[in-house]
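[1] Okay, predicted coordinates and the sequence, questions at the end:
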Amino acid sequence: MAIQGDGVRDVVLAALVAFGLAANAAAEMESMSDQDLSGVSGQYGGMSLSGDVTFNESGGPLKGEAVGFDCGEGERCGARVAAQLNQGGGWIVLDDLQGTFEFMGLTLATRLITGEDTGFGSDAADFNREVIEIGLPDTARFTDFSYTMATSSTARPGDSDFRQVDRLNVDIGGDVTMDGNALIFPTEP
Amino acid sequence: MLFLSGVPAAVWASGMEPMSNREMADVRGQGVGIVMEDFRFAHGHDPDNDQTFRLSGITNKAGEDVEVLVDQLYIGGSGSERGENLQTVNLGRLTNPFGIDLLDGDGIGGDAAGKAVFEYAAPEKVAQDQGVACLPGGTDTGCVSRAPNPEQDIRGERMDLGFQATVQSGSAPAKSVNIHAEKAVVDGSYIQLWGATSDDSRQQLRGRIQTNFYTPSLTVSACEQGGTSCNTEIAFNDFMMELALGNEHQPLFMGVLGVGQEVMTDGEVVAGPGNFRLELKAINDARSPDPINEAGDGSSDDNATYDFYSDYYSDDEYRSDIEVGSLEVGGQEMGATRMKGMLFQKLDVTTRSLD
């Protein structure tokens, strides 16, 4: 749900009007009861995000050579994330993470699901609640994005007794087809 | 206002105490439900469109590099025609979504008792008379993910998914491998993870993984690169898998060998630090050191041990099933295949570098 041009103007107008009224009404402000407050419903808005995330486009961590990555001039060496699942044990590693992820039109909004919403069958009317909606971007593009899955004896390549077994290198590039909305909401305890 | 709110906060802060694992386990908040609405995903290797999707780093037996070009990886709605005509799908239902939750381990028992358990779960299966058939026309009717039904305004929660790849192994001619599943359902699957108590000799993350997968059609084929003439296609019709890895008595341990944790066989190191290890606690360790009484009938002093093993062997939840309604090879019907009631009593797998 991207904010449309008209929507923005409405909001601005509403804000101006509200501000004017508030200034006049300030002298007579009264507190609202919980009951009254629960009847107040705000305007459903949201925002649209576009941008890109780049990891280690140029250069990278030191000592990448110890893992066998070529971090020399003109080459890139990526970031490294390591997790240890057992005390004193080795590490599961996401290594040599680099590249760019670009997205256009990722939206973030709240949405009231009612019986009017299509595609859910009778679930939508039964549900009848508010959710957080993340609209997947219109365009999602990877540029020279790559990472390596590995397992390693130590957290860092520079540590003593460092041994690493690379499992899989993944390279992703170009436009990715990704449509839909992620609906997020609390479930009953 | 700032001062007023600051003072009580300071008072509260001085009274804050860390929570024990047991206290945490009693916290039962709301979980987070996730539904992917109108969803589809696809990506593939296509240099003409500036798209890359490459898996590498694997070597074959001769030590040559193996490169996998993923021609297409897709998830879509049913009727996606093997990715050619990608439809959209809802993953999870509003009334029974995918969920992330913190559970009370007392409800799971065994090794999880008294601990907080993290869960990531697919929609839950329901009672047989309340759900829909997991496989169209099948007898298991405990699933909740529905087939599309435009008349009832149901987009459908059953997904088509597939993987098409070109495999270049060393200097051998490239082969294309295709795997497609139609109208697949994963209801009842979950991952549950928990930790160790401070007095546990094994300080390691553990858990259990239930993998359910139902599809009326799972096909695997190999073709020559770029060629449409594929050789024999293997079709698993009415494929059903309910795989239970780990349970509350036999948690699944995942880890990597650290320095000084070499795996030895006959005094020789077979797997050194940096290798991956997957273990399932052996059932005879789950209740050690109490053995079953000698009579084996529960009549002597340790009935609890007898009951423990009796429950272990009779509980269907611990068992894994894989069933294929009919196996078809190159259009030739091979009949049904069933592996039912598999019980993992011990599992210990360690990877080993060949170089």
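    Yes, it's here. Numbering: from 1, shown residues only, chains lettered A, B, ... in the order given.
[2] Provide the partner residues of residue B:96 in its beta bridges.
    Residue B:96 forms beta bridges with residue B:93, as assigned by DSSP bridges.
[3] which ones are touching it?
    Under the criterion of CB atoms under 8 Å, 6 or more residues apart in numbering or on different chains, the contact partners of residue B:96 comprise B:123, B:124, B:126, B:144. Every residue, glycine included, has its C-beta placed from N, CA and C.
[4] What does the pLDDT read for it?
    You'll see residue B:96 listed with a pLDDT of 93.
[5] what about it, distance to residue B:125?
    Per CB to CB, to the nearest Å, residue B:96 is found 9 Å from residue B:125.
[6] do residue B:170 as well
    For residue B:170, the distance to residue B:125 (CB to CB) stands at 45 Å.
[7] Which one of the two is surrounded by more residues?
    Between residue B:170 and residue B:125, counted using other CB atoms under 10 Å in any protein chain shown, the more crowded position is residue B:125 (22 against 13).
[8] didn't the more buried one look like it was pressed against residue B:133?
    No. Because the distance of 11.8 Å does not satisfy CB atoms under 8 Å, residue B:125 is recorded as not touching residue B:133.
[9] Quickly list what's touching both of these two.
    residue B:143.
[10] Backbone dihedrals for the residue of the stretch 51-200 of chain B found nearest chain A, please?
    For the stretch 51-200 of chain B, the residue closest to chain A is residue B:51, as judged by CB to the nearest CB, at 3.2 Å. Dihedral angles phi and psi of residue B:51 (degrees, to the nearest 10) take the values phi -110, psi 130.
[11] Just the pLDDT for it.
    pLDDT, residue B:51: 94.
[12] Any idea how many residues pack against it?
    The number of residues packed around residue B:51, counting by other CB under 10 Å, is 17.
[13] what's near enough to touch it?
    Per CB under 8 Å, 6+ apart, neighbours of residue B:51: A:173, A:174, A:175, B:43, B:44, B:45.
[14] same check, this time on residue B:167
    With CB under 8 Å, 6+ apart, residue B:167 has these contacts: B:66, B:67, B:68, B:174, B:175, B:176, B:177.
[15] one step back: give me the common contacts of residue B:96 and residue B:125.
    Applying CB under 8 Å, 6+ apart, one finds that residue B:96 and residue B:125 are jointly contacted by residue B:144.
[16] Who does residue 164 form a beta bridge with?
    Unless you meant another one, I'm taking chain A. Assessed by DSSP bridges, residue A:164 has beta-bridge partners residue A:152.
[17] look at chain B instead
    Beta-bridge partners for residue B:164, by DSSP bridges, are residue B:72, residue B:178.
[18] hey, where'd the helices end up in the chain?
    Picked chain A for this. With DSSP state H as the definition, chain A shows helices at residue ranges A:5-25, A:34-38, A:123-127.
[19] not quite, I wanted chain B
    Ranges of helices in chain B, per DSSP H, are B:2-14, B:21-26, B:283-286, B:303-314.
[20] and residue A:121, how many neighbours?
    For residue A:121, the count of nearby residues is 21 (other CB under 10 Å).
[21] got a list of what the closest residue to it other than its chain neighbours touches?
    Closest residue to residue A:121 apart from its sequence neighbours, by CB to CB, 6 or more residues apart in numbering or on different chains: residue B:154 at 4.0 Å. By CB under 8 Å, 6+ apart, the residues touching residue B:154 are A:119, A:120, A:121, B:146, B:147, B:148.
[22] about what we covered before: looking at the contacts of residue B:167, which has the most residues close by?
    Neighbours were tallied for each of the contacts of residue B:167 (criterion: other CB under 10 Å), and the maximum of 21 neighbours falls on residue B:68.
[23] any idea how far residue B:40 is from the closest residue in space to it that isn't next to it in sequence?
    Once its chain neighbours are removed from consideration, residue B:68 has its nearest residue in residue B:55; the separation is 4.1 Å (CB to CB, 6+ apart). Look at residue B:55 and residue B:40: by CB to CB, they are 22 Å apart.
[24] and what of residue B:245?
    29 Å.
[25] doesn't residue B:326 make contact with residue B:335?
    Yes. At 6.5 Å, residue B:335 counts as touching residue B:326 under the criterion of CB under 8 Å.
[26] Could you list the low-pLDDT ranges of the chain?
    Chain wasn't specified; assuming chain A. Counting by pLDDT under 70, the ranges of chain A that qualify are A:1-28, A:37-45, A:58-76, A:189.
[27] ah, no, chain B please
    Judged against pLDDT under 70, the low-scoring parts of chain B cover residues B:1-29, B:224-231, B:288-302, B:354-355.
[28] For the spatially most central residue of it, which residues count as its bridge partners?
    By CA atoms, centre = their mean, the mean C-alpha position of chain B lies nearest to residue B:211, the distance being 4.0 Å. In this entry, residue B:211 is beta-bridged to residue B:243, by DSSP bridges.
[29] Excluding chain neighbours, what is closest to residue B:163?
    Taking CB to CB, 6+ apart, and ignoring the residues beside it in sequence, residue B:163 has residue B:179 as its nearest neighbour in space, at 4.9 Å.
[30] Against residue B:333, how distant is the one you found?
    Counting by CB to CB, the gap from residue B:179 to residue B:333 is 21 Å.
[31] Equivalent analysis for residue B:154, please.
    Remark: distance between residue B:154 and residue B:333 (CB to CB) = 33 Å.
[32] what do you get for residue B:327?
    When CB to CB is applied, the distance between residue B:327 and residue B:333 equals 8 Å.
[33] So for the two, which residue has more residues nearby?
    residue B:327 (16 against 11).
[34] Quick one: residues contacting the residue lying closest to that one once chain neighbours are set aside.
    Once its chain neighbours are removed from consideration, residue B:327 has its nearest residue in residue B:334; the separation is 4.2 Å (CB to CB, 6+ apart). For residue B:334, the contacting residues are B:326, B:327, B:328, by CB under 8 Å, 6+ apart.
[35] hang on, residue A:136 packs against residue A:176?
    No. The criterion here is CB under 8 Å, and residue A:136 misses it with residue A:176 at 10.0 Å.
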